[in-house]
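K.L.:
my questions concern the predicted model and sequence given below.
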Amino acid sequence: MDGSLISAPLAISSVSLSAMWVTFIITAILPLAGWLFLARRWKGAGTAVAAGALGFYLTQMVIRIPLLSVPAVAEGLGGLYGQSPMVYFLFMAFTAGLFETTGRLFVFRSLLYKRLSYRTGLAAGFGHGAVEALILVGVTYGANLYLSYSINGGAPLPEDPALAAGVAQLAATPAALFLAAAVERICTVCFHIAASLLLCYMISIGKTLQGFSLCLAAHTALDFIVPQIQVRTGSYVLTESVMVGVAALSVGLIVHLQKKFEVRDIPPDSAGEAAKEGY
C-alpha cells in the first residue's frame, strides 16, 4: 500500500466549516438567545424555560443515559440489538419517551403547578428542547469546529485512533449532513414545545393521566419511526422530510392549543410575590 496515501494531510473544507457553524449557531447560540428573548418578552418565562430544561436534564442526562451506560446494561442492549433490532429500537424509544414525559410531569406538577398557562407550557417546552439541542448537538459541533480549525491550522492528527478516525470522518462528511443536524433539531424543538403544551393543558383540565399517555405515545412513536426510516432506507432526505412533517403538525397543535387554554399569560409566582411584600 502506498504510504503517502496514509500520511496525506487531512483538511476540512470551507463549505463544511460553514455548515458546521450554521448548526452550531442554531443548536448552541439560539437556545440561549431564545431563553433571553422569552424572559424579556413574557414575565416569568425565564423561570419556565429553566424548569423545562431541568426536566430534560435530570431525567435524561442524570438518570437515563448513565443507566444505559452501565457496562452490564450496555452489554445487554448490544446483545438485544444483535438478536432483534426492532425490539432494541422500541425499547430505546419507549424509555426516552417515558423518562422525558416524566420530566415534563415533574415540571408541571411541582415546579410550575400553580403557574400553568399557554405561555408556561410553551416556554417550558422550549427549555426542554433547547437544552437537549445544546447538550446533544451544540457541544458536539463546538468540539468539531475546534478540531477542524486545529487540523486545518497544521496540528498533527491525534494519536488516539478513535479521535484520528473522527477527524477523517469529519473531512469525509458532506456539508449537507452537517446542516441536516440543524434541521432535525429545529423540528425536534417544535415537537417538544407541542408535547409540553399538550401535557400542560391536560393537567390544567384535570386529565393528567390521559395527557401523560398521549405524550408518551407520541414521543415513543417519533423516536421509534425516525431511526427505522434512517436505518432501512439510508436516506437523510426522507428522514428529514418526516421530521419537517412532524414539525408542521407540532406547530399546528401549538396554534390550536392557544385557543384551548383559559389562562394565556404566566401567573405570578405567589411565593415570590409574598417575599417581595415581606411575608
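P.N.:
Noted; the coordinates are in hand. Here the structure is a predicted model, which means the values were calculated and not measured. Residues are numbered from 1 along each chain as shown.
K.L.:
could you find the closest non-adjacent residue to the residue most central in space within the chain?
P.N.:
Here the mean C-alpha position of the chain is nearest to the C-alpha of Glu132 (Cα atoms, centre = their mean), at a distance of 3.4 Å. Nearest residue to Glu132, sequence neighbours excluded (Cβ to Cβ, 6 or more residues apart in numbering): Phe56, at 5.4 Å. In short, each C-beta sits where N, CA and C put it, glycine included.
K.L.:
which other residues reach the helix or strand containing that neighbour?
P.N.:
In this assignment (DSSP states H and E), Phe56 forms part of helix 45-56. Contact partners of helix 45-56, identified using Cβ atoms under 8 Å, 6 or more residues apart in numbering, comprise 34-36, 38-39, 100, 103-104, 106-107, 111-112, 115, 119-120, 123-132, 196, 266, 269.
K.L.:
which PyMOL command selects the buried ones in those?
P.N.:
Only the buried entries of the contacts of helix 45-56 go into this PyMOL selection, using 16 or more other Cβ atoms under 10 Å:
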select buried, resi 34+35+38+39+100+103+104+106+107+111+112+115+119+120+123+124+125+126+127+128+129+130+131+132+196+266+269
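K.L.:
out of the contacts of helix 45-56, which are inside helices?
P.N.:
34-36, 38-39, 100, 103-104, 106, 119-120, 123-132, 196 (DSSP state H).
K.L.:
show me the shaky parts of this structure.
P.N.:
Regions of the chain meeting the criterion pLDDT under 70 cover residues 1-9, 270-279.
K.L.:
ok, now how distant is the residue nearest to Glu132 from Lys259?
P.N.:
Applying Cβ to Cβ, to the nearest Å, the value for Phe56 to Lys259 is 27 Å.
K.L.:
mind checking which of those two has more residues around it?
P.N.:
Phe56 (24 against 8; other Cβ atoms under 10 Å).
K.L.:
please report how far the more buried one lies from Ile12.
P.N.:
31 Å.
K.L.:
again with Cys215
P.N.:
Distance, Cys215 to Ile12, using Cβ to Cβ: 40 Å.
K.L.:
now swap in Gly234 and tell me
P.N.:
Remark: distance between Gly234 and Ile12 (Cβ to Cβ) = 24 Å.
K.L.:
then Met20?
P.N.:
Counting by Cβ to Cβ, the gap from Met20 to Ile12 is 8 Å.
K.L.:
which residues do the two both contact?
P.N.:
With Cβ under 8 Å, 6+ apart, Met20 and Ile12 have common neighbours Ser148.
K.L.:
and the two? Which one has more around it.
P.N.:
Remark: of Met20 and Ile12, Met20 carries more neighbours, 24 against 21, as counted by other Cβ under 10 Å.
K.L.:
that one against Asn144, yeah?
P.N.:
Yes - taking Cβ atoms under 8 Å as the definition, Met20 is a contact partner of Asn144 at 5.7 Å.
K.L.:
quick check: which helices or strands does whichever helix or strand Asn144 is part of pack against?
P.N.:
Taking DSSP H and E as the criterion, Asn144 maps to helix 139-152. Contacts defined by 3 or more Cβ pairs under 8 Å, 6 or more residues apart in numbering; DSSP states H and E place helix 139-152 against helix 14-24, helix 161-172.
K.L.:
got JSON lines for those helices, with distance to Gly252 too?
P.N.:
Below are the helices and strands packed on helix 139-152 laid out as JSON lines (distance: least, Cβ to Cβ, whole Å):
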{"stretch": "helix 14-24", "distance to Gly252": "26"}
{"stretch": "helix 161-172", "distance to Gly252": "37"}
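K.L.:
relative to Gly78, which of the ones you listed is closest?
P.N.:
helix 161-172 (17.6 Å; Cβ to Cβ).
K.L.:
contacts for that closest one?
P.N.:
Contacts to helix 161-172, defined as Cβ under 8 Å, 6+ apart, come from residues 10-13, 16, 144, 147-148, 151, 157-158.
K.L.:
give me the buried subset of those residues.
P.N.:
Using 16+ other Cβ under 10 Å as the threshold, 12, 16, 144, 147-148, 151 are the buried ones among the contacts of helix 161-172.
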